[in-house]
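[1] Please find the sequence and the predicted model below.
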Amino acid sequence: MRTSEETLAALRSKPHYSIGDLLQIMQVLRSENGCPWDKEQTHQSIRQDFLEECYEVIEALDADSVPMMREELGDVLLQVVFHCQIETELSHFTFNDICDELCRKLVVRHPHVFGDLSVSDSEEVLKNWDSIKKETKQQKTAADTLDSVCKALPALMYAQKLGKRAGRAGMDWNSAEDAFAYIRKETDELEEAMQSGGQQQIEEELGDLLFSCVNTARHLHVDAETALRGAAEKFRRRFAETERLVTADGKDMASLDIEALDRYWDIAKQTSR
């Protein structure tokens, strides 16, 4: 059996590493003679790291950068292995247990591939997937399916998933026009709250307005999270162009009133997308 030093030497000199090596490296880092920082970490202490790495993968996908994807997907895998090692040390489960459960799930949810079920298109595949998921997770009511939506999702994604699942149970508008009409209704209620309500009521009505916008986006087949991010990015670009125009005129943005800035903003809108 190899000594600890022999193991370290072997891991240092590998010409090519595999998932088994990654699992072993993480075990070494968390071991008694491993890395002080890695040994101190808990699920909660690295929770934010996991979230940030996932967002960086999305950034890589949006950039369509293969090298960036490879690196960022590796960072997400590191987080999976890190959390798994913590649970392995507690004798709760191992990486193989994760793989086993995932493979079983994929086989069960693809009866049209691993069984004798026939499907005509992707829409039918998704319908069967949802039905099997509901059965395997013992979701007996429509409310159960809403309760199962991940509550840690960004608010727009969470709201859109809730609306979609409620729609499957029949609680939905008939058209985008009907959903859009609710935006007008919620806008009026927010305006009333701003005039006479307290901060809590204003927050509630603003939330209702945002939720109505998300439902309208869903009926228009638009992802609300993507749409808002696009608008935010457009604002960032136009802000930068506005600042450039102001500076080019020898002025300072902070010294101008909103009317003057709006004039520069209108010019920026014409020169930047």
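    That came in fine, so what should we check first? Residues are numbered from 1 along each chain as shown.

[2] ok, now how distant is Thr145 from Asp130?
    According to CB to CB, to the nearest Å, Thr145 stands 8 Å off from Asp130. Quick note: C-beta positions are derived from backbone N, CA and C, even for glycine.

[3] Can you pull the residues that touch both of these two?
    Arg168 (CB atoms under 8 Å, 6 or more residues apart in numbering).

[4] Tell me which of the two has more neighbours.
    Neighbours per residue, other CB atoms under 10 Å: of Thr145 and Asp130, the larger number sits with Thr145, 21 against 15.

[5] Show me what the helix or strand hosting that one is packed against.
    For Thr145, the element it lies in under DSSP states H and E is helix 142-147. Applying 3 or more CB pairs under 8 Å, 6 or more residues apart in numbering; DSSP states H and E, one finds that helix 142-147 contacts helix 155-168.

[6] pLDDT averaged over the helix it packs on, what's the number?
    Here helix 155-168 scores 92 as its mean pLDDT.

[7] Show me the contact partners of it.
    130, 142, 145-146, 149-151, 153, 172, 210-211, 214-215, 217-218, 223-225, 228.

[8] ditto for stretch 11-23
    24-25, 28, 77-78, 81, 85, 95.

[9] Would you check which pair of those lies furthest apart?
    Between any two of the contacts of stretch 11-23, the greatest separation by CB to CB is 16.8 Å, found for Val28 and Leu77.

[10] If you count surrounding residues, which of these two has more?
    In this view Val28 and Leu77 are compared by other CB under 10 Å, and Val28 has more residues nearby, 16 against 13.

[11] Which residue ranges of the stretch 1-150 of the chain form strands?
    Here the stretch 1-150 of the chain has no strands by DSSP state E, counting those that start in this stretch.

[12] pLDDT weak spots in it?
    Scanning the stretch 1-150 of the chain for pLDDT under 70 picks out 1-3.

[13] quick one: the helices in the stretch 1-150 of the chain?
    Counting by DSSP state H, counting those that start in this stretch, the stretch 1-150 of the chain has helices at residues 4-12, 19-29, 36-40, 47-63, 66-89, 95-108, 111-114, 122-136, 142-147.
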